[in-house]
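Enquirer: sequence and predicted model, in that order:
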Amino acid sequence: MTRSGTPLLAALVVFGLGIGTRARSDPGHGLTPPEPPKFRPPRGAVFVDDFKSGHLERWRADRAGVWSVKRGMLKAELPDAKQEHSLLFTGDSTWTDYAMDIDVCGMRGVDKGIVVRVRREHGVGIDLRGPGYQDLKIHLNEFPVGRYDVLNANGVWHHLRVEVRGPRCRVLVDGAEIANRRLSARMPASGGIALAAYTGGVGECLVFYDNIAVTPLDAAADAEGSTR
């Protein structure tokens, strides 16, 4: 996958649409987040990474010079320019129903997020947008399918949990359910995961990720839940 653009990358550009005029955040490039939460890998996880190894052997970036490990945390930093973006991939195309847990801390800019069920350059994008927006957006491939209000300040660690079971997607932020809805038949049935870095219209992105876990879910336990 190249920086020039693919359907999935286009989806991430759309899912991060922070193209309005917003107040610019702290211009410092040397900002570091507070100590991340303690990591307790869930029982039965098929993938975990707390970046204490200092390496990214299990990951694949679509762009050089964006992703690195700093003080045991994953760091993504893009040049100060509008609409810059990058994705970092891992996982297995055979993963079907699973939960992805991750801690995320934005330091500059607005957008931070993940993609689940990444397969054949499609996926479900979850964009947690901070200052000026304070919301969460869900995109299926390149199409927006939901927006939800949720406070998520920069400089603070937030825990994001995304569950995909069949055509249903459930999202929790800091333990509170934000979305629980059935998506369309266009939703990939299986696939890996990706992390996103995106500058949007504010032209800034410095974000840290940590404590990633992917855990299989029991499809038989799926319930109808609420639709927003």
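Expert: Great, that's in hand.

Enquirer: tell me where this protein has helices.
Expert: For the chain, applying DSSP state H gives helices covering 7-15.

Enquirer: low-confidence ranges, it, go.
Expert: For the chain, applying pLDDT under 70 flags the ranges 1-29, 219-228.

Enquirer: find the residue at the geometric middle of it.
Expert: Nearest to the geometric centre of the chain sits Ile114, at 1.8 Å (C-alpha atoms, centre = their mean).

Enquirer: could you list every residue that touches it?
Expert: Applying C-beta atoms under 8 Å, 6 or more residues apart in numbering to Ile114 gives the contacts Met100, Ile102, Gly125, Ile126, Leu160, Val162, Ile193, Ala194, Leu195, Ala196. For the C-beta atoms, the positions are set from N, CA and C on the backbone; glycine is no exception.

Enquirer: correct me, but the third one touches Ile193?
Expert: This means Gly125. No: Gly125 lies out of contact with Ile193 (C-beta atoms under 8 Å); the separation is 11.2 Å.

Enquirer: adding distance to Arg43 and neighbour count, write the contacts of Ile114 out as JSON lines.
Expert: Compiled in JSON lines, those are given as follows (distance: C-beta to C-beta, whole Å; neighbours: other C-beta atoms under 10 Å):
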{"residue": "Met100", "distance to Arg43": "16", "neighbour count": "23"}
{"residue": "Ile102", "distance to Arg43": "17", "neighbour count": "23"}
{"residue": "Gly125", "distance to Arg43": "28", "neighbour count": "28"}
{"residue": "Ile126", "distance to Arg43": "24", "neighbour count": "27"}
{"residue": "Leu160", "distance to Arg43": "20", "neighbour count": "22"}
{"residue": "Val162", "distance to Arg43": "19", "neighbour count": "25"}
{"residue": "Ile193", "distance to Arg43": "19", "neighbour count": "24"}
{"residue": "Ala194", "distance to Arg43": "25", "neighbour count": "26"}
{"residue": "Leu195", "distance to Arg43": "23", "neighbour count": "23"}
{"residue": "Ala196", "distance to Arg43": "28", "neighbour count": "27"}
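
Enquirer: can you put the residues you listed in JSON lines and add distance to Asp218?
Expert: Listed next are those as JSON lines, based on distance: C-beta to C-beta, whole Å:
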{"residue": "Met100", "distance to Asp218": "16"}
{"residue": "Ile102", "distance to Asp218": "21"}
{"residue": "Gly125", "distance to Asp218": "25"}
{"residue": "Ile126", "distance to Asp218": "22"}
{"residue": "Leu160", "distance to Asp218": "21"}
{"residue": "Val162", "distance to Asp218": "16"}
{"residue": "Ile193", "distance to Asp218": "19"}
{"residue": "Ala194", "distance to Asp218": "24"}
{"residue": "Leu195", "distance to Asp218": "26"}
{"residue": "Ala196", "distance to Asp218": "28"}
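
Enquirer: check contacts around Gly203.
Expert: If you count contacts by C-beta under 8 Å, 6+ apart, Gly203 has them with Arg24, Asp80, Ala81, Lys82, Glu84, Gly109.

Enquirer: please read the previous query as pertaining to Leu56.
Expert: Listed by C-beta under 8 Å, 6+ apart, the contact partners of Leu56 are Trp67, Ser68, Val69, Leu74, Leu88.

Enquirer: from those residues, which two are the most distant?
Expert: Taking C-beta to C-beta as the measure, these span a maximum distance of 11.5 Å, between Val69 and Leu88.

Enquirer: burial of the nearest residue to Arg58 once chain neighbours are set aside, as a residue count?
Expert: With C-beta to C-beta, 6 or more residues apart in numbering as the criterion, Arg58 has its nearest non-adjacent residue at 5.4 Å, and that residue is Thr90. Applying other C-beta atoms under 10 Å, we find 18 residues neighbouring Thr90.
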